[in-house]
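K.L.:
The sequence and its predicted three-dimensional model are supplied below.
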Amino acid sequence: MTKGSRFRNFAIGSPMLWIAVFVVVPYLIVVLFSFLTRDPQGIVSWTLTLENYREIFSPVFLKVCRNSLVLALGTTALTLLLAYPFAYILTRIDENIRRFLLVLMIIPFWTSSLIRTYALIILFKANGLLNTFLLSTGLISEPLSILYTETAVFIGLVYTLLPFMILPLYASLLKLDRRFMEAARDLGATSRHVFFHIVLPLTLPGIIAGSTMVFLPALGLFYIPDLLGGARSMLIGNFIKNQFLTTGHWPLGSAASVVLTMLMVMLLVWFFISTRRAHSGDMEAVR
Amino acid sequence: MKKVFQSAYLAFIFLFLYIPIIVLVVYSFNTSRFSTNWQGFTLDWYRVLFTDGPLMEAFANSLIIALSSSTIATVLGTLGAFAFYRYRFLGRRVMYSFVYVLMMSPDIVMGISLLMFFITIGLSVGATTLLLAHVTFCLPFVMVTVYARISGFDRHIIDVAKDLGASELQMFRHVMLPMLMPAIIAGWLLSFTLSLDDVIVSFFTTGPSFEILPLKIYSMVRLGIKPEINALSAVMFLVSLLTVTIAHFFFAKENK
């Protein structure tokens, strides 16, 4: 064997082997467990069943999920609403200021979500800064109890995940070719038309990427409700965690993970289709 | 008028993102233990923090894991990005999409899948399993960062190196590596932060025998607020700040 091909095999082999052993095999184990039966004595017994999936799609469990899904959808919607104009304005700002603002935007993205969640606790406490401030302005007469409510969890999710919406949107708005908008305006389109028929379709990949990066963690970030919300506000992530750590129902936890993964794959497929469409849109417009 | 409105909106979002962090940092210097009132400047909480044995041990553990996992992930990820660019092999496309799936996949699913895997092969959770897990979730981020840069290269560079008689290894070492260095460093820094900050995957892949900082903070915060956690959080924020600044320097260099 020549030295070149030995290096080739090494370069291909080592990372691929790592992914095969530590990603593919573990995922297959999850899928396998999701079809097994729970064994009160051990962990599982080797009887194949669809019972876990039936349980997941049962009304009782869907009720648990609904809370989490509504919270995740709400978080996605609000972060999108906050981030889109922000990213848009940012792309139109003077280059020198933008450089600085870009760094300011990336810092929270790189800061631990746990620490950012903790910072919210300090702000929300009954004798915390928010209440002290609101009381002193006279806006409220009694301290608000935000901490350990669903609202706190919602604000916590929006706060921690907002940077994950901003970055993909910013990247996709930056790529937007201004000439399309100018051309449309020259042809007499109103601002609303330009936005809904040009800007929005061309930045759809960024919207989907950002939504995926917010929606999926919003279902899974179990420490946010653990720290900010009482026992009532449970995410799918808390449910999965409990199956493994408290209830010991591994097959059910596995089935929930499989469903979550399928959800992610569907979002990714949607992302790739929309990216292709946005690009073919480019070509048509150029022609 | 429009300009004013736009600037106000930018300021509003930045304030939303930064006020909690700034409050946290300011409070880490507050003398008062419980009250929100400002009762004077102190460095006591930092002193408490740096003399807290278990906490410092968890911090050291976190650093060891972050340094080693990001280094391993960077080596593997750089090789992987190069392999995707240079070679055609069986399963290349499947693996390539797998890297993206891996990057987006919910932490909790990765955490429990690795937990089940380690239990299946009879490895008890601790430092080793934590290291393996961290390399695994950092790997796709390095691959994507390095691949983004390598895919912009002119393929003729490789031909030139080969024509001049370089072996694959020589071409990789003397041509590719120097050109890829900014992306490799950026990928390493990203991995380092990801590893240092991770809660969810670590939660499932380490045990009481090997405690790391985020999990320690998590269990402390669940028991209530302590001023030394404010100090600790401020330190960790400073680490992120430094990493971003260094990474930005390399990204900026790369874009020139």
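P.N.:
Structure's in. What do you need? Small disclaimer: the values here were computed from a predicted structure and weren't measured.
K.L.:
what about A:Pro168, distance to A:Leu157?
P.N.:
17 Å (C-beta to C-beta, to the nearest Å). Where C-beta positions appear, they are placed from N, C-alpha and C, glycine not excepted.
K.L.:
higher neighbour count, these two?
P.N.:
A:Leu157 (28 against 23; other C-beta atoms under 10 Å in any protein chain shown).
K.L.:
now that one, what's its secondary structure?
P.N.:
helix (DSSP: H, G, I helix; E, B strand; the rest coil).
K.L.:
what separates it from A:Leu71, distance-wise?
P.N.:
Counting by C-beta to C-beta - A:Leu157 and A:Leu71 are separated by 7 Å.
K.L.:
Tell me the residues that contact both of those two, please.
P.N.:
A:Ala218 (C-beta atoms under 8 Å, 6 or more residues apart in numbering or on different chains).
K.L.:
the bottom helix or strand of chain B by mean pLDDT?
P.N.:
Scoring the helices and strands of chain B by mean pLDDT, DSSP states H and E places helix B:227-255 at the bottom, with a mean of 82.
K.L.:
touching chain A at all, that helix?
P.N.:
Yes - using C-beta under 8 Å from any C-beta of the partner chain, we find that helix B:227-255 touches chain A at B:Ile229, B:Asn230, B:Ser233, B:Met236, B:Phe237, B:Ser240, B:Leu241, B:Thr243, B:Val244, B:Thr245, B:Ala247, B:His248.
K.L.:
Which members of those residues are classed as buried?
P.N.:
For the residues of helix B:227-255 next to chain A, a burial check counting by 16 or more other C-beta atoms under 10 Å in any protein chain shown picks out B:Ile229, B:Asn230, B:Ser233, B:Met236, B:Phe237, B:Ser240, B:Thr243, B:Val244, B:Ala247, B:His248.
K.L.:
Could you check the longest helix seen in chain B against chain A for contacts?
P.N.:
Ranked by residue count under DSSP state H, the longest helix found in chain B is helix B:53-86. Yes - using C-beta under 8 Å from any C-beta, helix B:53-86 reaches chain A at B:Leu76, B:Gly77, B:Leu79, B:Gly80, B:Phe82, B:Ala83, B:Arg86.
K.L.:
Past that helix, which element shows up next along the chain?
P.N.:
The helix or strand immediately downstream of helix B:53-86 is helix B:92-104, counting by DSSP states H and E.
K.L.:
how about the helix or strand containing A:Phe164: buried residues?
P.N.:
Element membership for A:Phe164, per DSSP H and E: helix A:150-175. Residues of helix A:150-175 classed as buried by neighbour count (16+ other C-beta under 10 Å): A:150-173.
K.L.:
what subset of those is also close to chain B?
P.N.:
A:Tyr159, A:Leu162, A:Pro163.
K.L.:
Could you check how far stretch B:150-162 is from the centre of its chain?
P.N.:
In this view, stretch B:150-162 has its centroid 30 Å away from the chain centroid, taken as C-alpha atoms, centre = their mean, to the nearest Å.
K.L.:
what about it, how long is it end to end?
P.N.:
17 Å (C-alpha to C-alpha, to the nearest Å).
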